[in-house]
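1. Return atomic coordinates for the entry below.
(one chain, ligands or ions: 1)
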Amino acid sequence: MTKTIGYLGPKGTFTKMAVDSIFNGEDKRDFDTIPACMDAVESGEIDIAVVPLENAIEGTVQLTVDYLVHQVRLPVVAEVVVPIQQHLLVREDFDGGLMDIREVHSHTQAIAQCHQFIHKELANAEVQFASSTAKAAEIISTSDSPIAAIANRMAAKEYGLQIMSENIHDYPNNHTRFVVLTKNEDGISIKHPVKTDRTTLLITLPSDQAGALHQVLSAFAWRKMNLSKIESRPMKTGLGNYFFIIDVDQPYDDVLFPGVEAELQALGCKVTVLGTYPVYQVEM
Ligand SMILES: O=C(O)C(=O)C[C@]1(C(=O)O)C=C[C@@H](O)C=C1
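-> The predicted model follows:
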């Protein structure tokens, strides 16, 4: 049966690029926000959501992580890493220079990835946040004011815009990790070589215990389990209360992971497995 896949729209977002790079003919539906996309999987309206999780320049997409942890606990079943190239787009009929641009529109993550360019090259432009990079492109395509969007090449095509400056992200090695969320992974087939396998854990420490984080990390260290990310986020229950998200670069197994979980539980930690999944790397 055809699966329905939700993504942050409209057409031309980086998330849509991520979806197209791993899924072929499925039914693809765009949503206005990342939470709306995840809610639609939770309610059963769609089968799969693909959402951004982390960017190499700007770090964690906090909205995704917080919504996943606090609102809808959907299993992560795959990850796709996509190269991100940000371009400055203007209407075809714009014939001014960079200093003539009065507003620059984009998603918060894209604005953050291009801070230096905006600061140095767009000194007369006011930053306007949009719900996605493609939404920003759509907005500027309908305005005859001297305004620009930061978005990708697909958005330029989709909304009939010209690329005024290419690759304006502040650091060249720009990639975003997207995760595939679903309640039922049966029938999902991704035809792409798997780069690695990863397991993501959510760990809550016992409150105010000296050396607790050190003990947590030791449980992985002496088993020689490689951690590729550790990040703390507020529990939202009061200042000083945090949980940790830990990425382990190996698939869940029947020996090492249950051992870690038992050890951490004995320390008073709460451990939840958010997913164990293949990671796909897309080249553009
Ligand atoms: O606005 C988009 O195009 C998105 O798909 C969202 C998003 C993000 O939230 O990180 C995805 C990848 C890029 O890092 C910039 C924006």
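
2. neighbouring contacts of stretch 15-24?
-> Contacts with stretch 15-24, where a contact means C-beta atoms under 8 Å, 6 or more residues apart in numbering, come from 3, 5, 7-9, 28, 30, 50-52, 78, 80, 82, 132, 134, 152, 154, 176, 178, 180, 190-192, 280, 282, 284. Every C-beta, even on glycine, is put in place using the N, C-alpha and C of the backbone.

3. would you say Ile163 is within a strand?
-> Yes - Ile163 sits within a strand when classified using DSSP: H, G, I helix; E, B strand; the rest coil.

4. got the contact list for it?
-> Taking C-beta under 8 Å, 6+ apart as the test, what Ile163 contacts is 87-89, 153, 156.

5. who's in contact with the closest residue in space to Met284 that isn't next to it in sequence?
-> Distance criterion C-beta to C-beta, 6 or more residues apart in numbering; nearest residue to Met284, sequence neighbours excluded, is Pro83 at 5.1 Å. With contacts defined as C-beta under 8 Å, 6+ apart, the neighbours of Pro83 are 174-175, 282-284.

6. switch to 10 Å and redo it
-> By C-beta atoms under 10 Å, 6 or more residues apart in numbering, the contact list for Pro83 reads 14, 17, 56, 173-176, 281-284.

7. if we can go back for a sec, got a quick ChimeraX command for the buried subset of the contacts of stretch 15-24?
-> Only the buried entries of the contacts of stretch 15-24 go into this ChimeraX selection, using 16 or more other C-beta atoms under 10 Å:
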select :3,5,7,8,9,28,30,50,51,52,78,80,82,132,134,152,154,176,178,180,190,280,282
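
8. Nearest residue to the middle of the protein?
-> Pro52 (1.7 Å; C-alpha atoms, centre = their mean).

9. who's that one bridged to?
-> Phe178 (DSSP bridges).

10. Enumerate every residue touching it.
-> Pro52 neighbours (C-beta under 10 Å, 6+ apart): 7-8, 13-15, 18, 34, 60-61, 63-64, 82, 84, 107, 109, 132, 176-179.

11. These: which ones sit near the ligand?
-> 8, 13-15, 61, 84, 107, 109, 132, 176 (C-beta under 6 Å from any ligand atom).

12. re earlier: reformat the contacts of Ile163 as CSV; add distance to Ser207, secondary structure and neighbour count.
-> Formatted as CSV, those follow (distance: C-beta to C-beta, whole Å; DSSP: H, G, I helix; E, B strand; the rest coil; neighbours: other C-beta atoms under 10 Å):
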residue, distance to Ser207, secondary structure, neighbour count
His87, 47, strand, 24
Leu88, 47, strand, 27
Leu89, 49, strand, 29
Arg153, 49, helix, 16
Ala156, 50, helix, 22
